[in-house]
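S.K.: Fold the following and give me the result.
(chains A and B)
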Amino acid sequence: MRAFIGEIAESHIGALLALSYLLFSAIFWAYPFIWLIILSFSDWRFFDAPIFSGLHNLVVVLRDPEFWGGLWNVVRFFSIYFPIAFVGSLGFAFGLKHVGRGKAFIALCFLLANISSGVAFSLVFTKLFSSTGPFNNMVFSWFGFRIPWMSNPNLAMLAIALVVAWKFIGYYGLILYSGLQTIPKELYDAALLDNTPPLKRLVRITLPLINAQLIMVLVFTILVSFGIFTEPYLITGGGPLGRTNTPLMIIYETAFRRLQPSHAAMMSVIVAAVSYLLIRITRTLLEKDVKLA
Amino acid sequence: MITTSLRKLAGAKSAGSWLISLAMYGLALSWLYPFAWMVMASLKPTPDIYTTSLFGGQLSLGNYNFLFSSATKLNRPFLGALGISFGVTIAVTISVLVTSAFIAYALARIAFPLRERFRDFLLLQMVVPTMMFTLPMFVLIKQLGLINSYGALIFPSMMSGWGIYMMSQSFKGMPQDYIDAAKLDRARLWHIVLSIMVPLNKSIIAIVALFTFTGTWDNFLWPLIVISDVDKMPLSVLLATFSKHYGVYVGPVMAGAVLQTLPLVLLFIFFRRHFLQGMSLTLK
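M.R.: Next up, the predicted model:
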């Protein structure tokens, strides 16, 4: 009887604990979400009550060349960032497998970049990339010219991609490495007996068996491409000529500089929907349930 | 002779593996170059930063002095900002850890009605892109009258669905015997969570702590939006505005970057073992 009472009380406590989080979510998750929807379909300038304006915001946003420029910059960033991050993290994962002693030390060196400050290192890399900075001094002493990192749109994008890649390669690499660890060694022994060439081993055995981890890295790179703010804001400020303006920067400028929060709300909804859909499509197209035997 | 001993040191088998190991060590050290450059630049007078070699030149703490004395006269109170960053970050981290541990225990170990629905809800929240919430969250904070207050930085992050989920996954894997034994001793809930679950799940707690701390400490967009009063800015935003207006003071900016980085690096080094173990848990 006593145990019975105890169990009833315990399930009540469990429900109360869950409820406390639901209450928190109602205030800081559901309520803002409702506001986002209201703002997207109304006219509001931070004061008074929002006035319903139908699809007006959608029309304004879709006619805004800067918004399209921001989405195009996501594509430009991704097409530079993804190859660097993907090859880099794959190289890291394979490299780490060959290391005997000091695996943890190497992993920690790379991960240090991942947990350290985005704000601080945006400033540090701005100095490193500057025309008189150490990178350019080295290039100048070797080749006799300086790289215009900040005045050329593609180089500016490359600079941002390199900084973000520096931050994430260790993390992605560790994800891939954990996938490599699960592949049974016998598979490679069998392949060696059959004299399978290394490239074929990679494409036929290794990559399919770490499919789940590869997709995870791909999804992360897509999320980063849509979500970067600190690095472009501090390194290039969106320039030159808005060619490194990211959607989050445009949303921020629209809401708090041009004081058009309802346009910014519609932009947030569109950008979030596009990124969500892209990730769903990536998953359905590429995710395969690979099983051993 | 040297190569064989080096090979032994690296613990590798073939010459190819040995070369790869060496390359990995080299890469790992070069990954730390920006850290080294930042620290060295913060110790040199601004005119020397671009003209001296990495470890060359006169070193002094002048830039730090400038940051804590002269910068205050330029209306950039760095000492205060450092305090605010610590206060806000520690408050958020402790709140997230405590709430996550208890709710995660409920989710993993207590049968309550609609428990599976609750889990689904957490998963749903993690799928919805967070970038959408920044603007309407500003509206909420404005309605609550919290603009330019520390509450704006603390309240929205006091609980974490991700933290609850990660901890509950780890709590689920524990043998029930531990909990049954504690219940026989009539241990109360807080006792079970704090003296059984927490010590036996240190790795995942370290991961949640480290990511929460880093995310709050280094958050930039959110405080940029809700704090405009220079006296209430956390270090991340104050450093960015300082760099924007006084960017020519490269030395002091780098000293500020060191301040912004140091707590994260120390925490990381301190918890490194738990962190690596926890990483392998989150990657399952």
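S.K.: Need the nearest residue in space to A:Ile80, chain neighbours excluded.
M.R.: Leaving out its chain neighbours, the residue that sits closest to A:Ile80 by C-beta to C-beta, 6 or more residues apart in numbering or on different chains is A:Ala161, at 4.4 Å. All C-beta atoms are positioned from the backbone trio N, CA, C, and that covers glycine.
S.K.: oh sorry, the question was meant for B:Ile227
M.R.: B:Met233 (5.3 Å).
S.K.: Quick one: check the helix or strand harbouring B:Trp190 for contact with chain A.
M.R.: B:Trp190 belongs to helix B:189-192 when assigned by DSSP states H and E. Yes - using C-beta under 8 Å from any C-beta of the partner chain, we find that helix B:189-192 touches chain A at B:Leu189.
S.K.: list the helices and strands that helix packs on?
M.R.: helix B:78-109, helix B:176-184 (3 or more C-beta pairs under 8 Å, 6 or more residues apart in numbering or on different chains; DSSP states H and E).
S.K.: Tell me which of those sits most buried.
M.R.: Burial of the helices and strands packed on helix B:189-192 is given as mean neighbour count (mean count of other C-beta atoms under 10 Å in any protein chain shown); helix B:78-109 ranks first at a mean of 21.
S.K.: quick one on the thing from earlier: ok, now which ones touch the residue nearest to B:Ile227?
M.R.: Each residue near B:Met233 by C-beta atoms under 8 Å, 6 or more residues apart in numbering or on different chains is listed here: B:Ala81, B:Ile84, B:Pro223, B:Ile227, B:Thr241.
S.K.: residue boundaries of the helices in the stretch 1-150 of chain B?
M.R.: Taking DSSP state H, counting those that start in this stretch to define them, one finds helices in the stretch 1-150 of chain B at B:2-10, B:15-31, B:33-42, B:46-49, B:62-68, B:70-73, B:78-109, B:115-127, B:134-143, B:150-154.
S.K.: what would the ones you listed look like in TSV with distance to chain A and mean pLDDT?
M.R.: Listed next are the helices of the stretch 1-150 of chain B as TSV, based on distance: least, C-beta to the nearest C-beta, whole Å; pLDDT from 0 to 100:
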stretch	distance to chain A	mean pLDDT
helix B:2-10	5	51
helix B:15-31	4	89
helix B:33-42	5	94
helix B:46-49	8	87
helix B:62-68	13	91
helix B:70-73	15	82
helix B:78-109	4	96
helix B:115-127	5	93
helix B:134-143	4	94
helix B:150-154	11	96
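S.K.: I'd like these as a markdown table, with distance to A:Val269 appended.
M.R.: Shown next, in a markdown table, are the helices of the stretch 1-150 of chain B (distance: least, C-beta to C-beta, whole Å):
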| stretch | distance to A:Val269 |
| --- | --- |
| helix B:2-10 | 53 |
| helix B:15-31 | 38 |
| helix B:33-42 | 37 |
| helix B:46-49 | 45 |
| helix B:62-68 | 41 |
| helix B:70-73 | 40 |
| helix B:78-109 | 27 |
| helix B:115-127 | 16 |
| helix B:134-143 | 10 |
| helix B:150-154 | 23 |
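S.K.: right, and those helices - which one's nearest A:Ser268?
M.R.: Closest of these to A:Ser268 is helix B:134-143, at 5.8 Å (criterion: C-beta to C-beta).
S.K.: List the buried residues for that closest one?
M.R.: B:Thr134, B:Leu135, B:Pro136, B:Met137, B:Phe138, B:Val139, B:Leu140, B:Ile141 (16 or more other C-beta atoms under 10 Å in any protein chain shown).
S.K.: quick one: contacts for the first one?
M.R.: I take that to be B:Thr134. A:Ile251, A:Ser268, B:Leu221, B:Trp222, B:Ile225.
S.K.: which helix is the longest one in chain A?
M.R.: When chain A is parsed with DSSP state H, its longest helix is helix A:65-98.
S.K.: Just the CA atoms of the strand or helix carrying B:Ser168, as CSV, please.
M.R.: Assessed by DSSP H and E, B:Ser168 sits inside helix B:161-172. Taking C-alpha atoms only, helix B:161-172 is exported to CSV below (Å, rounded to 0.1, in the frame of the first residue of the first chain):
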residue,chain,number,x,y,z
GLY,B,161,14.9,21.0,-24.6
TRP,B,162,18.2,19.8,-26.1
GLY,B,163,19.7,19.5,-22.6
ILE,B,164,16.7,17.6,-21.3
TYR,B,165,16.8,15.2,-24.3
MET,B,166,20.5,14.6,-24.2
MET,B,167,20.5,13.9,-20.4
SER,B,168,17.4,11.7,-20.6
GLN,B,169,19.1,9.5,-23.3
SER,B,170,22.1,9.0,-21.0
PHE,B,171,19.9,8.4,-17.9
LYS,B,172,17.9,5.8,-19.7
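S.K.: ok, the residue nearest to B:Ile227 to B:Phe55 distance?
M.R.: 33 Å (C-beta to C-beta, to the nearest Å).
S.K.: excluding its backbone neighbours, what's nearest B:Ala101?
M.R.: B:Val193 (5.5 Å).
S.K.: Please apply the same query to B:Gly278.
M.R.: Nearest residue to B:Gly278 in three dimensions, chain neighbours excluded: B:Ile207, at 3.5 Å (C-beta to C-beta, 6+ apart).
S.K.: B:Val127 versus the one you found, what's the distance?
M.R.: 20 Å.
S.K.: can you check B:Ala111 too?
M.R.: B:Ala111 is 26 Å from B:Val127, by C-beta to C-beta.
S.K.: again, but for B:Lys142
M.R.: Counting by C-beta to C-beta - B:Lys142 and B:Val127 are separated by 27 Å.
S.K.: in chain A, what residue is nearest chain B?
M.R.: A:Gly100 (2.6 Å; C-beta to the nearest C-beta).
S.K.: Helix, strand, or coil at that residue?
M.R.: Under DSSP: H, G, I helix; E, B strand; the rest coil, A:Gly100 falls in the coil class.
S.K.: Looks like it contacts B:Ser21 (just checking).
M.R.: Yes - the criterion here is C-beta atoms under 8 Å, and A:Gly100 meets it with B:Ser21 at 6.4 Å.
S.K.: Neighbour count: the two, which is higher?
M.R.: Between A:Gly100 and B:Ser21, counting by other C-beta atoms under 10 Å in any protein chain shown, B:Ser21 is the more crowded of the two (25 against 15).
S.K.: The helix holding B:Ser168 versus helix B:176-184: what angle between them?
M.R.: Computed by axes from the mean of the first three to the mean of the last three C-alpha atoms, to 10 degrees, the angle separating helix B:161-172 from helix B:176-184 equals 90 degrees.
S.K.: Any residue of helix B:161-172 touching chain A?
M.R.: Yes - on the criterion C-beta under 8 Å from any C-beta, helix B:161-172 is in touch with chain A at B:Gly161, B:Ile164.
S.K.: list the buried ones in that helix?
M.R.: Buried, per 16+ other C-beta under 10 Å, within helix B:161-172: B:Gly161, B:Trp162, B:Gly163, B:Ile164, B:Tyr165, B:Met166, B:Met167, B:Ser168, B:Gln169, B:Ser170, B:Phe171.
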